[in-house]
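Asker: Only the shape, not the letters, is given here:
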């Protein structure tokens, strides 16, 4: 197993910081589990863009994220003000760890952290 270290990302104009702990286990059946996909980071950045998605867009939203990986996009959507966010994946080990580590920060911004 290889621990690849932490990646820190800022959202909400620096008011919300997320740290993703990547680890990779090539011996596992899934050769990409444990890695934060670049597409997931781009999607999180898009959803964090107030010019594209104003706060009102998220204020009463209920969101189900399929294939959440580390849960980054779900965390950003929850921090933006979605009423309820649930993230899922075939293996939710990484999402549970990331969401738990950032639940208090999301709750302080929105009042509701995502569920996994």
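Answerer: Here it is on my side, so go on. Every value quoted in this text rests on a predicted model; they were computed, and no experiment measured them.
Asker: Sketch out the strands for the chain, chain order is fine.
Answerer: Listed in chain order, the strands of the chain (DSSP state E) span 2-11, 16-24, 62-65, 84-87.
Asker: any idea how far the longest helix along the chain is from the chain center?
Answerer: The residue-count maximum for a helix in the chain (DSSP state H) belongs to helix 93-110. From the chain centre to the centre of helix 93-110 is a distance of 8 Å (C-alpha atoms, centre = their mean, to the nearest Å).
Asker: tell me the contacts of the residue nearest the centre of the chain?
Answerer: Nearest residue to the geometric centre of the chain (C-alpha atoms, centre = their mean): residue 72, 1.5 Å. With contact taken as C-beta atoms under 8 Å, 6 or more residues apart in numbering, residue 72 is in contact with 9, 18, 20, 36, 40-41, 44, 98. Just so you know, the C-beta spots here come from the backbone N, C-alpha and C atoms, and that holds for glycine as well.
Asker: Widest-spaced pair of those?
Answerer: 41 and 98 (12.9 Å; C-beta to C-beta).
Asker: Name the residue in those two with the higher neighbour count.
Answerer: residue 98 (25 against 18; other C-beta atoms under 10 Å).
Asker: ok, back up a step: now the contacts of residue 72 in CSV, please, with extra columns for distance to residue 64 and pLDDT.
Answerer: CSV is the format used below for the contacts of residue 72 (distance: C-beta to C-beta, whole Å; pLDDT from 0 to 100):
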residue, distance to residue 64, pLDDT
9, 22, 88
18, 20, 90
20, 21, 86
36, 20, 85
40, 15, 90
41, 20, 91
44, 16, 94
98, 17, 92
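Asker: before we move on, back to that, show residues contacting the longest helix of the chain.
Answerer: 12, 15-21, 33-34, 68-72, 74-75, 78-82, 87-89, 112-116.
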